[in-house]
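# Sequence first, then the predicted structure:
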Protein chains: 2
Amino acid sequence: MGKGEDTRSLILEAALAQASEAGFESLTIGTLATRTGLSKSGLFAHFGSREELQIAALDAAAELFVDTVFAPALKAERGLPRVRSIFAHWMQWTRDSGLAHGCPLHAAAIEFDDKPGPIREHLVAHFNRLQHNLERALTQAVEAGQLRGDLDISQIAFEALGIVFAYYHAARLLQRPDATTRAQAAFDRLLAAASPAA
Amino acid sequence: MGKGEDTRSLILEAALAQASEAGFESLTIGTLATRTGLSKSGLFAHFGSREELQIAALDAAAELFVDTVFAPALKAERGLPRVRSIFAHWMQWTRDSGLAHGCPLHAAAIEFDDKPGPIREHLVAHFNRLQHNLERALTQAVEAGQLRGDLDISQIAFEALGIVFAYYHAARLLQRPDATTRAQAAFDRLLAAASPAA
DNA sequence: TGACAAATAGCACGACCGTTCGTATTCTGA
DNA sequence: TCAGAATACGAACGGTCGTGCTATTTGTCA
């Protein structure tokens, strides 16, 4: 009950767009107030502090990520198809979720990797969950006999993350048109080396 | 001639440390003035604008990167040894160069990937140079017969960059002790798949 | 419909931002 | 040594920052 909840999620929506464009440091009360049409103090009252606002936005981003990347991948069948589906959704998740500019989680990862505090802790938890979800999908592919049994799952997840980071870098900063192709090739090679046939 | 040059490089040294700790957005006149013991206006006079200061710091970081990563690798012999040397220096270049905290270039890459302007252009140029230097070393390994002749050099460079990004992420944000091992394993696998024997 | 709570606005605060300008200090070369 | 240039400082500016406080509006339920 209450329309406070409504405006709160409107604020968070604007916050995600802002974080996507210019990072979490740019998540300022004044900017967000202008963006939502609220007054500074009116917006402020919803969170109590800037840090709480940043945490709320971070958690919202993580939730949106799960909904956009992992949830749809559940429709693909268990094992390799689901792994490939996760990767495909992952690369274009900001587009799919309306965050036209970069991945807020990636931005936060660099901005807060050296700043202890609750934001950093939330961020680490989100990335650990991402890693865990990814490893589970990979494990299922192993169980289905689609990937080698002696595989180091954690290593595959590590390298997959790297491919996505390189993709973001090439696509966004360098604006390279071959970014998608390169990332896909890297991922295919990663899975090929992990398949039992070889 | 002149002591202006001296203080200027002292300022840039402090700026690199600051950017390593908290990113380029944290490169503020006031902070840097305190850090160097100069007055705000005194420091300001050396650059004329904050943006010029940021550009100078960015260029200094890129120069330091080349001196710390590529220059020492020239001592290793041409081909695979040099490629491996580059990678080894790359992973620990911030330690080697006294920037105890993250890589400023990596931070800048995320902070400015969506902000057009001279800073972004400088950054793109630096990363293109990095890519070029890396590809040259790889090409030499191909010419020496240490890597396959039909190799897509650019693809290898793309994936190597991804491995380094994943390493930064695991080592800094997640503080995972296996970060170095994972990155080295990924790089070894990358080179193994590119070697002619297979 | 009226009372009460929830939500929002208005205003002020101290701090820091980049920048300008006039002045003082320090260095340098003849 | 002494003039002139190079360098650094201090104070002030208009802005924006996060955050309190007090009103005022808005929504909700008996």
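Thanks, I have it.
# hang on, residue A:84 packs against residue A:78?
No. Counting by CB atoms under 8 Å, residue A:78 is not a contact partner of residue A:84; they are 12.0 Å apart. (Each C-beta comes from the backbone N, C-alpha and C, glycine too.)
# quick one: which of these two has more around it?
Higher neighbour count among residue A:84 and residue A:78: residue A:84, with 18 against 14, using other CB atoms under 10 Å in any protein chain shown.
# Helix or strand: which one has that one?
Residue A:84 is part of helix A:80-91 when elements are defined by DSSP states H and E.
# Other residues contacting that helix?
Applying CB atoms under 8 Å, 6 or more residues apart in numbering or on different chains, the external contacts of helix A:80-91 come out as A:68-70, A:72-76, A:96, A:133-134, A:137-138, A:140-141, A:144, A:146-147, A:160, A:164, A:167, A:180, A:183, A:187, A:191.
# And the average pLDDT for it is what?
Regarding helix A:80-91, the rounded mean pLDDT is 98.
# can whatever helix or strand comes next after it be found next to chain B?
The element immediately downstream of helix A:80-91 (helix or strand, assigned by DSSP H and E) is helix A:93-96. No. If you take CB under 8 Å from any CB of the partner chain as the test, helix A:93-96 misses chain B, and the best it gets is 11.2 Å.
# now the residue of chain A found nearest DNA strand D: how far from residue A:13?
Closest contact between chain A and DNA strand D, by CB to the nearest atom of the strand, is at residue A:30 (2.3 Å). According to CB to CB, to the nearest Å, residue A:30 and residue A:13 sit 18 Å apart.
# one step back: now the helix holding residue A:84, how far from the chain's geometric center?
13 Å (CA atoms, centre = their mean, to the nearest Å).
# Same question for stretch A:26-35.
Relative to its chain's centre, stretch A:26-35 lies at 22 Å (CA atoms, centre = their mean).
# swap in stretch A:49-61?
Here the centre of stretch A:49-61 is set off from its chain's centre by 15 Å, with CA atoms, centre = their mean.
# List the buried residues for it?
Using 16 or more other CB atoms under 10 Å in any protein chain shown as the test for burial, stretch A:49-61 gives A:53-58, A:60-61.
# Please go through chain A and pick out the longest helix.
If you go by DSSP state H, chain A has its longest helix at helix A:118-143.
# Following the chain onward from it, which element is next?
Helix A:118-143 is succeeded, C-terminally, by helix A:153-168 (DSSP H and E).
# For chain A, list the residues in contact with DNA strand D, please.
Residues of chain A found near DNA strand D (CB under 7 Å from any atom of the strand) are A:1-3, A:27-31, A:40-41, A:44-45, A:49-51.
# re the thing from before, for the residue nearest to the residue of chain A closest to DNA strand D when sequence neighbours are not counted, grab the count of nearby residues.
What sits nearest to residue A:30 in space, not counting adjacent residues and going by CB to CB, 6 or more residues apart in numbering or on different chains, is residue A:40, at 5.8 Å. For residue A:40, the neighbour count with other CB under 10 Å is 14.
# OK, contacts around residue A:40?
Residues near residue A:40 by CB under 8 Å, 6+ apart: A:29-30, A:33.
# Closest to residue B:116 out of those residues?
Comparing the contacts of residue A:40 against residue B:116 with CB to CB places residue A:30 closest, at 23.0 Å.
# Where does pLDDT dip in chain A?
For chain A, the stretches with pLDDT under 70 are A:1, A:198.
# So out of everything in it, what residue is nearest DNA strand C?
Of all residues in chain A, residue A:4 sits closest to DNA strand C, at 2.2 Å by CB to the nearest atom of the strand.
# my read: residue A:186 touches residue B:163, true?
No. In this structure residue A:186 lies outside contact range of residue B:163 using CB under 8 Å: 10.1 Å.
# And these two? Which one has more around it.
For the pair residue A:186 and residue B:163, the greater number of neighbours falls to residue B:163 (27 against 23), based on other CB under 10 Å.
# rewinding a little: quick one: buried ones out of the contacts of residue A:40?
Listed as buried from the contacts of residue A:40 are A:29, A:33; burial here means 16+ other CB under 10 Å.
# and of the contacts of residue A:40, the nearest to residue A:151?
Using CB to CB, the contacts of residue A:40 come closest to residue A:151 at residue A:29, 47.8 Å.
# what comes up buried for stretch A:148-165?
The neighbour-count check on stretch A:148-165 (16+ other CB under 10 Å) flags A:151, A:153, A:155-165 as buried.
# Just put these in JSON lines and tack on distance to residue B:116.
Compiled in JSON lines, the buried residues of stretch A:148-165 are given as follows (distance: CB to CB, whole Å):
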{"residue": "A:151", "distance to residue B:116": "43"}
{"residue": "A:153", "distance to residue B:116": "41"}
{"residue": "A:155", "distance to residue B:116": "38"}
{"residue": "A:156", "distance to residue B:116": "37"}
{"residue": "A:157", "distance to residue B:116": "34"}
{"residue": "A:158", "distance to residue B:116": "33"}
{"residue": "A:159", "distance to residue B:116": "32"}
{"residue": "A:160", "distance to residue B:116": "31"}
{"residue": "A:161", "distance to residue B:116": "28"}
{"residue": "A:162", "distance to residue B:116": "27"}
{"residue": "A:163", "distance to residue B:116": "27"}
{"residue": "A:164", "distance to residue B:116": "24"}
{"residue": "A:165", "distance to residue B:116": "22"}
